[in-house]
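[1] Could you work out the structure for the sequence below:
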Amino acid sequence: MIETQYIDLFTQHRKVIDAKSAPGMNNLRDKAFEAFKKQGFPTKKQEDYKYIDISAEFMPDFGLNLNRVPFTGNPYVNLMCEVPNMSTNLYFVLNDLFHKEHLPVMNYPKGVFVGSLKQFAEEQPIVFAKYYGQAANIDANSVAAFNTMFAQDGFVVYVPKGVILEKPIQLINILKSEHNYLVNRRILIIAEDDAQVKLLGCDHTVDESHFLATQVTEIFAGRNAIVDFYELEENSDKVTRLASTYVYQEESSNVLVNNITLNCGVTRNNYHVKLAGQHADVYICGMVIADRKQYVDNFAFLDHAVPHCQSTQLFKYVLQDESVGSFCGRILVEKDAQKTLAYQTNNNLCSSPNAHMYSKPQLEIYADDVKCSHGLTTGQLDEEALFYLRSRGISKEAARLLLMQAFTADVLEHVRIPSLKERLLDLVEKRFRGESARCGNCAVCK
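    Residues are numbered from 1 along each chain as shown. Okay, the predicted model is just below:
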């Protein structure tokens, strides 16, 4: 079994893994190890992974940076990624190593911590232990367990009670290696009561090696907290990205998670949301543009555990060539979660006869005073609309571009940073035109 080589690797190098990390992260490794051994990697035999064989993605030989060899060079000079007209506090994770050597001076209110997960675990062990690993269910997600076994650092945003960060934070994840490489990234976002924060994560690939990236993101939104988490994936077609995002919300919190996949190889995004406080509100949005033989799978599970909460899911796919998409969305309304509002929409556009889309919306409701709905459409471009545009003197390609842009527009409407929304509209247009879709004027993006 493919799991055996990673079990042996972990056992043989456990001392190195622990020595190069922090006690708070090490404390969960034994539990994660037992969970991984029990489950193994997901296979197509499991219903939630019917269209992707996760175990096969781990079969190639990959290198890992267990000794935490630092990156040489200054990414703030060589790898800058700037969204025009958008002022951010900028950070880098190179493969799975937080880059702290060239950090510019950041001015944050008292108590805010943004930076290395390892450093945060060492400096604030009590706060760290309260949140790290508490949302991610490693007993039900073996890839999250695998990540917890091997992750040695990561990125954390901690915003204490009552603090509002007006300036967005930007995290650039760079995959760079001359050899096939496995990285295990970790992101922790904590917004305590009445706090607010916006984080944009950008994924880029520099080299043409084969990469496998596991990522676990945990988001905690306290009472009345507001959290925006945006992800922009622009990896090469040699990248497999297996990401799980866990959200835990308390009373009257508001969370927006918006993922835009513009370029990838194989991508699986898991979203798990626990609405644990009354009047909590969550938006989970995703947009996929895929072509060639790219594969993108989105899985969302939203748990309404208490009354008076609202959730909205909106996922849209545009599939071209021989690309494949998959979406599975599940809404659980528990028996005491009266007055729940839950909406799920999945619209898919297959612009090629060889593109395939698989979709499975699900509602599981145990309360009787709720408003829940799900909608699913899969089809091709509207020929009547295409004919209408062409009759107005618009070329066929321009008409197709306009219709595809209109199809994806409502996902971008959920972007609550105006300058980011404007840039994403431009990137989407370039992607549909077949141009290089990158997010700034930098060495990575040219």
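
[2] CA only for contacts and neighbour counts going forward, please
    OK.

[3] CA atoms only for stretch 192-200 - export them in PDB, please.
    Written as PDB, here are the backbone C-alpha positions of stretch 192-200 (Å, rounded to 0.1, in the frame of the first residue of the first chain):
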ATOM      1  CA  GLU A 192     -12.100  36.800  18.300                       C
ATOM      2  CA  ASP A 193     -15.300  38.600  19.300                       C
ATOM      3  CA  ASP A 194     -16.100  41.800  17.300                       C
ATOM      4  CA  ALA A 195     -12.800  41.400  15.200                       C
ATOM      5  CA  GLN A 196     -12.500  41.800  11.500                       C
ATOM      6  CA  VAL A 197      -9.900  40.600   9.000                       C
ATOM      7  CA  LYS A 198      -9.500  39.900   5.200                       C
ATOM      8  CA  LEU A 199      -6.900  37.400   3.900                       C
ATOM      9  CA  LEU A 200      -6.100  36.800   0.200                       C
END
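
[4] Contacts made by that stretch with the rest, please.
    Defining contact as Cα atoms under 8 Å, 6 or more residues apart in numbering, one finds that stretch 192-200 is touched by 159-171, 191, 220-232.

[5] What average pLDDT does it get?
    With pLDDT averaged residue by residue, stretch 192-200 scores 97.

[6] Then stretch 312-331?
    Averaging pLDDT residue by residue across stretch 312-331 gives 95.

[7] any idea whether residue 34 is helix, strand or coil?
    Under the three-state scheme (DSSP: H, G, I helix; E, B strand; the rest coil), the conformation of residue 34 reads as helix.

[8] Now the element after the helix or strand of the chain at the bottom of the mean pLDDT ranking, going C-ward?
    In the chain, the helix or strand scored least confidently by mean pLDDT, DSSP states H and E is helix 383-391, which has a mean of 64. On the C-terminal side of helix 383-391, the nearest following helix or strand under DSSP states H and E is helix 396-412.

[9] Buried residues in that next one, which are they?
    By neighbour count, and taking 16 or more other Cα atoms under 10 Å as the criterion, the buried residues in helix 396-412 are 399, 400, 401, 402, 403, 404, 405, 407, 408, 411, 412.

[10] hmm, who's touching stretch 173-181?
    Where contact means Cα under 8 Å, 6+ apart, the residues beyond stretch 173-181 that reach it are 61-64, 92-95, 201-212.

[11] pLDDT weak spots in the stretch 151-300 of the chain?
    Regions of the stretch 151-300 of the chain meeting the criterion pLDDT under 70 are absent.

[12] Where do the strands of it begin and end?
    Secondary structure of the stretch 151-300 of the chain (DSSP state E, counting those that start in this stretch): strands at 155-159, 169-175, 181-191, 196-205, 211-221, 226-234, 239-249, 254-263, 266-275, 281-290, 295-304.

[13] And these: which comes nearest residue 355?
    When those are compared for distance to residue 355 using Cα to Cα, the nearest one is strand 281-290, at 9.4 Å.

[14] Parallel or antiparallel, which strands does that closest one pair with?
    For strand 281-290, the paired strands and their directions (DSSP bridges) are strand 254-263 (parallel), strand 310-319 (parallel).

[15] Including distance to residue 422 and mean neighbour count, could these go into TSV?
    Converted to TSV, the strands paired with strand 281-290 look like this (distance: least, Cα to Cα, whole Å; neighbours: other Cα atoms under 10 Å):
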stretch	distance to residue 422	mean neighbour count
strand 254-263	14	23
strand 310-319	19	24
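
[16] I'd like the buried residues of helix 396-412 as a markdown table, with distance to residue 140 and pLDDT appended.
    Supplementary listing: these in a markdown table, determined by distance: Cα to Cα, whole Å; pLDDT from 0 to 100:
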| residue | distance to residue 140 | pLDDT |
| --- | --- | --- |
| 399 | 45 | 75 |
| 400 | 42 | 72 |
| 401 | 41 | 72 |
| 402 | 42 | 72 |
| 403 | 40 | 74 |
| 404 | 37 | 77 |
| 405 | 37 | 77 |
| 407 | 35 | 80 |
| 408 | 32 | 83 |
| 411 | 29 | 89 |
| 412 | 32 | 89 |
